[in-house]
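[1] Okay, here's the prediction I keep looking at, along with the sequence it came from:
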Number of protein chains: 2
Amino acid sequence: MTLTTGIEPLTAAQMAGLSPRDVRRAIRDGRWRGFTNLVAPGFVQGNLVIVPAAFADDFEDYCHANAQALPLLARSQPGDPFLPALGDDLDIRTDVGGYMVFRDGELAATPDAVADEWRDDLVSFVLGCSFSFEQMLVRHGVRLRHLDEGSVSAMYLTGLDTVPAGPFGGKLVVSMRALTPPDAITAAIVSDRFPQFHGRPVWIGEPAGIGIADLAQSYGGHGLTALRPDELPVFWACGATAQIAVREAGLPFCITHYKAHMVVTDVPIPTGTHHEP
Amino acid sequence: MTLTTGIEPLTAAQMAGLSPRDVRRAIRDGRWRGFTNLVAPGFVQGNLVIVPAAFADDFEDYCHANAQALPLLARSQPGDPFLPALGDDLDIRTDVGGYMVFRDGELAATPDAVADEWRDDLVSFVLGCSFSFEQMLVRHGVRLRHLDEGSVSAMYLTGLDTVPAGPFGGKLVVSMRALTPPDAITAAIVSDRFPQFHGRPVWIGEPAGIGIADLAQSYGGHGLTALRPDELPVFWACGATAQIAVREAGLPFCITHYKAHMVVTDVPIPTGTHHEP
C-alpha cells in the first residue's frame, strides 16, 4: 500500500504496510504518533542524538568507545538537518515521532518536531537500535512476547560504567527480552551477527549481576517486565545509554528521540554477515 | 617433543606436548590411561561406536536424525579396524584409552583394547565430541572451570527423546559447563560455528526444564557438578547419547569408548566457518 493524502491518523495495521519514506511522511504530517518498532519492517531504525558542533567530536569518540551500546550509523554535517545516507528526504527536524529537548542537562520539552529549535551548529548522530535485530530474531523463530503483547522491550539502567570520552560518560542502559532457554541461545547467536544493532547480549540470567535490583522497575517505565517461570531475562546494550550521557554531560543544549520513536531509514536490514542456519 | 621409546607411564604434562600420532602410540603401548580432553590440542577427538554390519545402516540413520548429538565424522568398512581418514595409523582396536563391550545390551567388560574381540563384520563410527569445541571456547576467553579443576564436563541423562531409527532410540544425553553469563553468551556463539562438535547449546539455566532433577547426579558419575552463585549451567547435546541407544537396542554385540577416553585423530580443528570476533 502507499500513503494516500489525508489528515486522518493511521492505524498500526496501515502503518505496517508503508515504505520507510511513507512512514516518515506520516510522522511528518502528524498522522502517526505510535512507537516505531513494528513499522517499516525490513529497514534499519536508529536512535537519535543531536548535539552542538562543539561537542560532536567528543560524542563520536564516546560512540566508538562504547560501540556495542552506540553503534554509529550516520553523522550529519553541522546545521544540516538532512541525512541522505539514511533516506534522501529524511528531515531529522520533523521525521521522528517524538523528541526530548535538554537544556543544561535538564529535560526542557518533548515536542513532536524540532524545526523551531533548529540551529546552524547542530550535528545529528543516528545510532543502531535493537528494533532492527528483533526482526531477525523473529525470522529465526524466537518468540518476542513483548511484541505479542503489543509492547516494546523494557530498558534498565545498570551498574556498569561506560568508557568516558570528553564530557560524556555514565552507566550503561540495557534492553531486556524475556526468552525461553532455547530462544535465548538462538537470540545470542543471531544478534551477534549484527554488531551495527548492538550485537550479542551483554548478560543473561540474574539481573543483580549487572546491578539491576528489580526487573519491575524499568528505565522509562515501559515494556514487558514480568518473567514467566520458563523464561530467562536476556540483556543487550541499548542506545538509550546516549541519553544518560548527554544528560549527565550537562550540555547547554541537545536533542534526542523520545522513547521508542526511532529514526526510520531507507537502509535495508542485511540478512547477516554469517551463514544462516 | 616426540615420544621416546620406553615403557614408563607418561605424565599429563608430557602428553600435552605429543602429536596425535604419538598420543595414539602412547595409548597403544599402555603408557597413557588418562582422559583425553587435554591431549593433542588442536586436533579433533571423537566418540566411538562399533556395531555389527547388520545394524550399521540403521545406526548411521540414527546419527543423521540426531546430528546435534551424533555428528558423524567417519564410518569404517566392515571388519576394517583402520580409519585412514582420521589418521593413517589409527587402529580402532588398540588406540582408544578405554572401551566398553556390550553383549545383548549389557555391559560385559571394560578392556583397554578390543583386538581379542574383533570380528569381520564390525563397523566403526566416530562421532564429534565436545572436547574439540572446548578448545575453541578457551581460545575465545571462556573459563572452563572443570579444566582448571582437573576434571571433565559432567553429563546428564535428559527427559528429551531422540528421533528413533531402526532399533535405535532413547533419551538425549547432554554435557554441562558451569559458566558466567558473559561466558555463556560467548560459548553459545562460538560453539554454534562447529556443528561437527555438537554446535550450539540445547539448553541454558534451569535443569528441570530438560528433565534433569539434580545436577549433583551426573551420568557416569564424573565431572564438575556444583555451580557457583554467579554461574549458569549450559547444556550441549552429547555423543554419549549413542551409548544409551546401543544399550537400549539390545544389540547382541557392540563396543563403545569408555568415558572421556576418546578417539584422537590427525584432523585439525578448523578455526570456524564464520568470522572470528
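    Nice, thanks for sending it over.

[2] Give the buried residues for stretch A:238-255.
    For stretch A:238-255, the neighbour count (16 or more other C-beta atoms under 10 Å in any protein chain shown) marks A:238-247, A:249, A:251, A:253-255 as buried. All C-beta atoms are positioned from the backbone trio N, CA, C, and that covers glycine.

[3] For the helix or strand containing A:A108, give the mean pLDDT please.
    Using DSSP states H and E, A:A108 maps to strand A:106-109. Strand A:106-109 shows a mean pLDDT of 95.

[4] Contacts for whatever helix or strand comes next after it next, please.
    Moving toward the C-terminus from strand A:106-109, the first helix or strand encountered (DSSP H and E) is strand A:122-128. Surrounding strand A:122-128, the residues in contact under the criterion C-beta atoms under 8 Å, 6 or more residues apart in numbering or on different chains are A:44, A:46-53, A:56, A:59-60, A:63, A:70-79, A:81, A:83, A:86, A:92, A:194, A:196-198, A:239, A:242, A:255, A:263, A:265.

[5] What's the first helix or strand after strand A:122-128?
    Toward the C-terminal end, the helix or strand that comes next after strand A:122-128 (DSSP H and E) is helix A:130-139.

[6] centre of the chain versus that next one, how much separation?
    For helix A:130-139, the distance between its averaged C-alpha position and the chain's averaged C-alpha position is 13 Å (C-alpha atoms, centre = their mean, to the nearest Å).

[7] do stretch A:165-178 as well
    Offset of stretch A:165-178 from its chain centre (C-alpha atoms, centre = their mean): 12 Å.

[8] Pull that stretch out as CSV, backbone CA atoms only.
    Presented in CSV, the C-alpha positions along stretch A:165-178 are these (Å, rounded to 0.1, in the frame of the first residue of the first chain):
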residue,chain,number,x,y,z
ALA,A,165,35.1,10.5,26.3
GLY,A,166,35.3,14.3,26.8
PRO,A,167,32.3,15.3,28.9
PHE,A,168,30.4,12.1,28.1
GLY,A,169,30.2,9.1,30.4
GLY,A,170,27.8,7.3,32.7
LYS,A,171,26.2,4.0,33.2
LEU,A,172,25.2,1.5,30.6
VAL,A,173,21.5,1.2,29.7
VAL,A,174,20.3,-2.2,28.5
SER,A,175,17.2,-3.6,26.9
MET,A,176,15.7,-6.9,28.1
ARG,A,177,13.8,-9.6,26.4
ALA,A,178,12.1,-12.5,28.3
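
[9] is chain B contacted by it?
    No. Remark: stretch A:165-178 sits outside contact range of chain B, by C-beta under 8 Å from any C-beta of the partner chain, the gap being at least 12.1 Å.

[10] In that stretch, which residues are buried?
    Neighbour count says stretch A:165-178 has A:165, A:167-178 buried, by 16+ other C-beta under 10 Å.

[11] Test my guess that A:A240 contacts A:G170.
    No. The pair A:A240 and A:G170 fails to qualify as a contact (C-beta atoms under 8 Å) at a distance of 10.9 Å.

[12] so where is the stretch 51-200 of chain A shaky, pLDDT-wise?
    Low-confidence segments of the stretch 51-200 of chain A (pLDDT under 70): none present.

[13] residue ranges of the strands in it, please?
    For the stretch 51-200 of chain A, the strands defined by DSSP state E, counting those that start in this stretch occupy A:72-75, A:99-103, A:106-109, A:122-128, A:154-161, A:171-179.

[14] Could you dump the ones you listed into CSV with distance to B:R145 added?
    Supplementary listing: the strands of the stretch 51-200 of chain A in CSV, determined by distance: least, C-beta to C-beta, whole Å:
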stretch, distance to B:R145
strand A:72-75, 37
strand A:99-103, 45
strand A:106-109, 46
strand A:122-128, 34
strand A:154-161, 23
strand A:171-179, 25
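
[15] Which two among the buried residues of stretch A:165-178 are spaced furthest apart?
    Greatest spatial distance in the buried residues of stretch A:165-178: A:P167 and A:A178, 35.5 Å, computed using C-beta to C-beta.

[16] Specify the residue ranges that define each domain of chain A.
    With automatic domain parsing serving as the domain definition, the record reports that chain A contains domains spanning A:12-128+A:242-267, A:131-241.

[17] what distance separates the start and the end of the shortest one?
    Across domain A:131-241, the terminal residues are separated by 15 Å (C-alpha to C-alpha, to the nearest Å).

[18] can you check the longest one too?
    Chord length of domain A:12-128+A:242-267, first to last residue, is 21 Å (C-alpha to C-alpha).

[19] and what of stretch A:43-62?
    Distance across stretch A:43-62, first residue to last, is 26 Å (C-alpha to C-alpha).

[20] in that stretch, what's buried?
    Buried, per 16+ other C-beta under 10 Å, within stretch A:43-62: A:43-52, A:55-56, A:58-60, A:62.

[21] Tell me which residues touch the nearest residue to A:P233 once chain neighbours are set aside, please.
    If you skip the residues right next to it in sequence, A:P233 has A:M176 as its closest partner in space, 5.1 Å away by C-beta to C-beta, 6 or more residues apart in numbering or on different chains. Residues counted as contacts of A:M176 (C-beta under 8 Å, 6+ apart) are A:153-156, A:207, A:215, A:218, A:223, A:225, A:233-236.

[22] now the residues you listed in a markdown table, with neighbour count?
    Shown next, in a markdown table, are those (neighbours: other C-beta atoms under 10 Å in any protein chain shown):
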| residue | neighbour count |
| --- | --- |
| A:S153 | 27 |
| A:A154 | 25 |
| A:M155 | 26 |
| A:Y156 | 27 |
| A:P207 | 18 |
| A:L215 | 16 |
| A:S218 | 19 |
| A:G223 | 21 |
| A:T225 | 19 |
| A:P233 | 22 |
| A:V234 | 28 |
| A:F235 | 26 |
| A:W236 | 25 |
